[in-house]
Every structure is written in structure tokens, then in C-alpha cells.
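[1] okay, structure incoming, though there's no sequence with it:
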Ligand code: SF4
Ligand code: SF4
């Protein structure tokens, strides 16, 4: 996002709409007219979410979105909720996860679907940190979700390496999605602790599981044994769709 210095009157109103907390804005003085101040966006920190522009707060129409080229366009693809991701054709950061599992059968018995949601409004996430997490997960032998925008940016899905051209790009948030065998859950939880020490952002972990035939939820025991925090206020799929697959 950019600000037209000729139109801007430096009121600072747009800063309160900035998903990166407005701290990415500074002020300059017009050299031809030092009495006139204008706001400047720190392009390194801006994630191109377009929230400031879309809010309509600027009465001077000074905010504008220039055409974004590669690799900066990655910021918008991940951060602007109205942008359809070019590779996945899905708006937003991830896939349809468990919401259509009764149709797709993507999460089969014996496996968990898992995700790391990296970054939040006010914090964001750099792809160099996304890569650190992806490489740590790859070393556990996870299978990255094919139709996920982070997976599409990987140059090597076995190592989790991401295209070096995007590593210095910052996004509002990014989701790494993968499958792991159920028995690897304790190892994954230990790996997440180590990932947290290496990266410069926040993340939450998601786990997607089928309900067992006896009605139990298999991962609960792992969390209880490790006295780990778990919120089960997630989404539940009650299986009312029309299955395209049949369970053995
Ligand atoms: S861009 Fe608009 S809202 Fe933001 S400081 Fe300038 S005049 Fe004010
Ligand atoms: S595009 Fe998003 S991150 Fe950039 S200045 Fe506007 S609100 Fe802030």
C-alpha cells in the first residue's frame, strides 16, 4: 500500500485501521512546503491486506494500491481476505480442512490432519519463519497438504524448503497443513516447542481427527498425559454430506 504525499494531510486516521497496528506508518514533511506533513507506510512491514484502503477512512483519497509484482504479490495473496489465491483458487490462507471431510475422506483413520497457523493481526509472519517451521515438520516425515498455498511455495516438499525469493516477504498469517500418523502426535508436540523457540512470530496448532467407532477422541489422552493445553471448541463435522468415498 502507498500514500500519495501530495494528497495526504497527515491526519493519521488510516493508522487505526492498519492490521499491523499502524506502527508501520511514519510522517514526513513536504520539502517544497515544510508546513505540510504526510504519512508514509513502511513497505517492509506492510502486508498488503488492503484493509486501510477498503475502510474508506481517507477523505483525501490518498491511499492507493500499486500493481504488485512477484514476489511482493505473495503478501496480498495471503493477507487480503478478498483475494482468490492464484494457485489454489481458494480465498484465504488454507484449504477447506475438515469442513468437507465427509465428502472427500481426506482425513482417514489412523491419521490426524494438522495445521500450524502462523502469525496474527498486529504481528504477521515472515516466510523465513514459515520455512523454519516447515523444515522442522518435514524432518518428522509429515505429508504436506497438496492444495495449500504454503505447500505450493515449497521447492522441496521432502525438506520443507520454500522458494528463496519469498523468504523476506511478510504476510498477515499463513497456514501449513499436513497429515501425520496418529502415533507421531507426541513427537509433533515436542517439535512444536522447539519451533516456537526459533521463530519470530506466534502460532497456534490445529488437529483434525475422526471420532473413533466407540465415540472417543483418540488424541485427548496424549494431551492429558502431557498436561498440555488443548481447546476443543473447534469445528465439528457431523457427516451430513454425500460421501464420494467409502470407508473400509
Ligand atoms: S492517507 Fe489519508 S487517512 Fe492516512 S494520514 Fe493521509 S490523509 Fe490521513
Ligand atoms: S495494506 Fe494492510 S498492512 Fe498495509 S498499511 Fe494498509 S492496513 Fe496496514
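    Good, I have the coordinates. Worth saying up front: this structure is predicted, and the values here are computed from it rather than measured. Ligands and ions are numbered 1, 2, ... in the order given.
[2] distance check, residue 86 against ligand 2.
    19 Å (C-beta to the nearest ligand atom, to the nearest Å). Any C-beta I mention is one placed from the backbone N, CA and C, and that applies to glycine too.
[3] what's the closest non-adjacent residue to that residue?
    residue 77 (6.6 Å; C-beta to C-beta, 6 or more residues apart in numbering).
[4] contact partners for that neighbour?
    83, 85-86, 149 (C-beta atoms under 8 Å, 6 or more residues apart in numbering).
[5] just the buried ones from those residues, in ChimeraX syntax?
    Here is the ChimeraX command that picks out the buried ones among those, judged by 16 or more other C-beta atoms under 10 Å:
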select :83,85,149
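[6] which of the contacts of residue 77 fall in helices?
    Cross-referencing the contacts of residue 77 against helices under DSSP state H gives residue 149.
[7] relative to ligand 1, how far out is the residue nearest the centre of the chain?
    The centroid of the chain falls nearest to residue 174 when counting by C-alpha atoms, centre = their mean (1.7 Å). Residue 174 is 27 Å from ligand 1, where distance means C-beta to the nearest ligand atom.
[8] residues in a beta bridge with that residue, which ones?
    Beta-bridge partners for residue 174, by DSSP bridges, are residue 118.
[9] dump the contacts of residue 77 to CSV, plus distance to ligand 1.
    Shown next, in CSV, are those (distance: C-beta to the nearest ligand atom, whole Å):
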residue, distance to ligand 1
83, 22
85, 28
86, 29
149, 30
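[10] what comes into contact with the biggest helix by length in the chain?
    In the chain, taking DSSP H as the definition, the longest helix is helix 185-198. Contacts to helix 185-198, defined as C-beta under 8 Å, 6+ apart, come from residues 112, 114, 116, 129, 132-133, 136-137, 139-140, 142, 180, 203, 205, 207, 219, 222, 226, 228.
[11] got the buried residues for it?
    Quick answer for helix 185-198 (16+ other C-beta under 10 Å): 185, 188-189, 191-192, 195.
[12] name every strand pairing with the helix or strand following it and say which way it goes.
    Going down the chain from helix 185-198, the next helix or strand is strand 203-208, by DSSP states H and E. Counting by DSSP bridges, the strands paired with strand 203-208 are strand 111-118 (antiparallel).
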